[in-house]
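next input, structure requested:
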Amino acid sequence: MIGTAKFRLGRTLATPAALQAIKESGQDAAFFLNRHIVGDWGEVCQDDAQLNNEALKDGGHIISAYTTLKGVRLWIITEAMDGQGQRAATTILLPDEY
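Coordinates of the predicted model:
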């Protein structure tokens, strides 16, 4: 991992379609998860990036968006469990699967 983890992922999940897109790009899911966990939110708008930064403090959900080398968009969503910063799960998925 490059950088320091800013939060815990909780249970890590991925949809079959997201895993297929990552595989077809020749990339690895860990590459995207590492970006997410160090606070590189990828291609989210400025408002969502600000909400993510606030979620690091208040325990809210976190969403990142990335594009594979083959041009497929991925989302990574970390769900909140409580206001203490505990995280229930992190899921890698395609936007149309949300």
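
now do the helix or strand hosting Ala30: which elements does it pack against?
Secondary structure assignment for Ala30, by DSSP states H and E: helix 29-37. For helix 29-37, the contact count by 3 or more Cβ pairs under 8 Å, 6 or more residues apart in numbering; DSSP states H and E identifies helix 16-25, strand 62-67, strand 73-80, strand 87-93 as packing neighbours. Quick note: C-beta positions are derived from backbone N, CA and C, even for glycine.

could you list the buried residues of that helix?
29, 32-33, 35-37 (16 or more other Cβ atoms under 10 Å).

what of stretch 41-52?
Applying a neighbour-count criterion of 16+ other Cβ under 10 Å, one finds 41-42, 44, 48-49, 51-52 buried in stretch 41-52.

now stretch 84-95
With burial defined by 16+ other Cβ under 10 Å, the residues of stretch 84-95 counted as buried are 85, 87, 90-93.

now do the residue nearest to the spatial centre of the chain against Arg35, distance only.
To find the centre residue of the chain, average its C-alpha atoms and take the closest one (Cα atoms, centre = their mean): that gives Ile76, at 2.8 Å. Taken as Cβ to Cβ, to the nearest Å, the spacing of Ile76 relative to Arg35 amounts to 8 Å.

quickly list what's touching both of the two.
Any residue near both Ile76 and Arg35 by Cβ atoms under 8 Å, 6 or more residues apart in numbering counts here, and that gives 64, 66.

wait, is Asn52 part of a strand?
No - under the criterion used here (DSSP: H, G, I helix; E, B strand; the rest coil), Asn52 is helix, not part of a strand.

I figured it hits Ile76, correct?
No - under the criterion of Cβ atoms under 8 Å, Asn52 lies out of contact with Ile76, with a separation of 10.8 Å.

which neighbours do those two share?
With Cβ under 8 Å, 6+ apart as the test, Asn52 and Ile76 both reach 63-64.

between the buried residues of stretch 84-95, which is closest to Arg11?
Distance to Arg11, by Cβ to Cβ, is smallest for Thr90 among the buried residues of stretch 84-95, at 7.3 Å.
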